[in-house]
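K.L.:
test case, fold it:
(chains A and B)
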Amino acid sequence: MFLKKIAIAGAMSAFMGSTAYAGCGITSGSVRILANDFPAIQAVAEGAEACAGDGVEVSKNLTKEHNDLQVAALTTNPAQYTSAVVASSSIVPLMAADLIRPLDDLVAKHGAQLQRNQLVTIDGKVMAIAFMANAQHLFVRDDILAKVGLQAPKTYEDVLAVAKAIRDAGIMQYPFAMNTMTGWNLGEEFVNMYMGTGAPFFKPGTAEVAINNEHGIATLNMLKSLTEYSNPDFLTYDSNVTQALWESGGVAIANMWGSRGSAVLDSEGSTDEVVSNTSLISAPTWGGGSTNASTLWWDGFTISKNISDEDAEATFLALLNGISPEHVAKNADKAVWLVSGYEPTPAAKGTIATAQGTTPPYPMIPFMGALHTALGNELSDFLQGNESAEQALADVEAAYTAAAKEQGYLQ
Amino acid sequence: MKHRSFFWFMLPSMAAMILFIALPIVSVFVQSLFVEHEQILVMTENCGPFGCQQETSIDVAAMAQLNQDKPMGQFNGFATYTNRSHLAFAEIQEAWQTAQSIGEFASKVLNLPFYRAVAFTLSYTFVVTPFVILAGLAIALGVNALPRMLKGPTIFLSLLPMIVTPLIGSLILFWMIDSRGIIGATLQMMFDDPNLSLKASPALTWITLFVYGIWHSAPFSFIVFYAGLQTVPQDTVEASMIDGASRWQRIRYVVIPYMMPLVTFITLMQLMDNFRVFEPIVGFSAQANATSLSYAIYNDLRGDSKLFGSAAATSMLTIAGVAVLLLPVLLRTWREFNRKAV
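P.N.:
So this is what the prediction gives:
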């Protein structure tokens, strides 16, 4: 009886194996995706899931905590996930631990649909396939700008002038908002603002931090001037809060992620008055510089090293299906796609304007994460007026140095 | 009990304690003595959607060999414990030498992340613990005096703060105290101050967290005291009534002395729990104004830059802190136990 069952099962699987052919050109293999959780990535994962069936398994874990899991999950052999969907910063720990494989052969074999600029290469090897771009930029309310008779701001000095005019006109006490929650968000705001000075974060060729200078002080002072036009709760503001604030009509200028554009411009959660008057414009420059105070981010997928070549190929094909021009065309409003044939929607205007100006990419440097963390933790005292800019920068430098020593970047 | 049967009786729980508590602590301790290998860095050309850059990268091949030879990393001894993120000996020494006054020295010390976390953790522990005991006792005495019909529903309602998951409980309160939330807006109206924000000032954030902590833990001490109240000997109470003791005197001279062992028990539990305060800080997004030791550990283990050695060192220091806190209470219990044995 037992033998008979085995025989039948064997025959079944041989039969299915020979005829199985899903639409994505995969015949077998397991696809397991670990990714962040927002609409554009949900769309990509859905596209990959369409390849499931007939011997191909596709599973996904979309979570905001993806970068806390990824290193541990990909270290096991075989890896828990065959693909980690990463952003500019979260690819760095995977590279450092040597957990993702070069994709050159897979790109050569199957990558006809990819554009040259989708290939993320590190030291000449393709390590990730980028599919969307993101950047923080300004959102402005045209009706309120018209009321105070000012143009849309091009620099942060303009932003301050507009905010002052709105406050003086008695329209809003706190017209400005940005993602200033203590931690990663606040660190990102400093990084963006400092980028506008054009100065480097590290001494060239070393891991020694170089922000404790007049550029750093100017950056902090600008952030402080901006937060004075922001609600006193600003140290608890992340993207969810600023988006809700914008949709409620509570602010007139905000610096938010481009990926929030479609949610802000859709008909849900807001009024016609707010939506129809919202303009998405480029990130501003400041201090007479020509570099936009923002960083460009890409999101893309990687393939784990510790899996079979068969699973790697299946994963690559499934994810290519998730970013195919036809699938992207159906989800055009969810992101600024880097895929060929993508037609920008109104929600993409701000990010595209920012990318067309001089805006640097977020640095893919292994010790950038430690600096970002130190910035996020050490700046709130200064912004609350409890310590000087010099002291705040000295604290950042000391916190970064302690972390970088522990991680072996400094001795 | 014979030693032999005692041994077999205790074996399962001892084995579980060693396997799941003692050994992990040893492993965390060993982890805290190591830091990562010196990273071998190379310059590479990295290209992406936004052009090419010359950037620093890790020489993965060279590091793989190093990590295979010595998987634990470099031995660092107790240097992680004394660096700026933890006990910060060098910084404290410098602050002591350069500070003009005690106030300046204190502000310099409280600028260091570990001491900032300790300051909040200890304040939270020593404010919340006594209030939890007092509030729990008061609720228990109140509920005990209720008519039988009302007792059930009242007990259920009083237990609600403990039933609600800490993170959810703190999030709900967080939204209510928002300047556009029901409590926040009411307070602004009452004090006629449109800038009043419970989230912005350090002092108000601390008070909010303390109040939340008391609200959340009071049901625990209430239910313990309520159970204790059921066993208070009625003849002693009646005797004191015949002697003309008022309700307050009965509570002060009969009930409270009888419940002292329960007070010790709750103090122990609350000291331990409150020293590990964590969820409310996340729930209230209070990290700008209040961090705790548990929060510091959590923060080290998140994001793109993880510090395992640092988190391990903070964990060991937390264990040491709990031990120091509990020592007086444990010593007292031990002395009383010995006195009774003789």
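
K.L.:
care to break chain A down by domain?
P.N.:
A:21-133+A:298-346, A:134-295+A:354-406 (automatic domain parsing).

K.L.:
sticking with residue 321, tell me its helix or strand.
P.N.:
All of this refers to chain A. Taking DSSP states H and E as the criterion, A:Asn321 maps to helix A:309-322.

K.L.:
um, chain B though
P.N.:
helix B:308-341.

K.L.:
same thing with A:Val44?
P.N.:
Per DSSP H and E: helix A:39-49 holds A:Val44.

K.L.:
so which bits of that helix are buried?
P.N.:
A:40-45, A:47-49 (16 or more other Cβ atoms under 10 Å in any protein chain shown). For every residue, glycine as well, the C-beta is placed using N, CA and C.

K.L.:
dump those residues to JSON lines, plus pLDDT and distance to A:Thr345.
P.N.:
Shown next, in JSON lines, are the buried residues of helix A:39-49 (pLDDT from 0 to 100; distance: Cβ to Cβ, whole Å):
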{"residue": "A:Ala40", "pLDDT": "91", "distance to A:Thr345": "12"}
{"residue": "A:Ile41", "pLDDT": "94", "distance to A:Thr345": "17"}
{"residue": "A:Gln42", "pLDDT": "94", "distance to A:Thr345": "17"}
{"residue": "A:Ala43", "pLDDT": "94", "distance to A:Thr345": "13"}
{"residue": "A:Val44", "pLDDT": "95", "distance to A:Thr345": "17"}
{"residue": "A:Ala45", "pLDDT": "95", "distance to A:Thr345": "21"}
{"residue": "A:Gly47", "pLDDT": "94", "distance to A:Thr345": "18"}
{"residue": "A:Ala48", "pLDDT": "94", "distance to A:Thr345": "23"}
{"residue": "A:Glu49", "pLDDT": "93", "distance to A:Thr345": "24"}
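
K.L.:
circling back to that earlier point, give me the helices and strands touching the helix holding A:Asn321, please.
P.N.:
strand A:29-35, helix A:39-49, strand A:56-62, helix A:104-110, strand A:296-303 (3 or more Cβ pairs under 8 Å, 6 or more residues apart in numbering or on different chains; DSSP states H and E).

K.L.:
tell me the mean pLDDT for that helix?
P.N.:
Taken as a whole, helix A:309-322 carries a mean pLDDT of 94.

K.L.:
would a markdown table of the domains of chain A with distance to B:Leu11 be doable?
P.N.:
Formatted as a markdown table, those follow (distance: least, Cβ to Cβ, whole Å):
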| stretch | distance to B:Leu11 |
| --- | --- |
| domain A:21-133+A:298-346 | 33 |
| domain A:134-295+A:354-406 | 40 |
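
K.L.:
nearest to B:Ala290, of those?
P.N.:
Nearest of those to B:Ala290, taken as Cβ to Cβ: domain A:134-295+A:354-406 at 10.5 Å.

K.L.:
now the closest one: average pLDDT?
P.N.:
pLDDT averaged over domain A:134-295+A:354-406 gives 94.

K.L.:
where does chain B have low pLDDT?
P.N.:
Across chain B, the ranges flagged by pLDDT under 70 are B:1, B:341-342.
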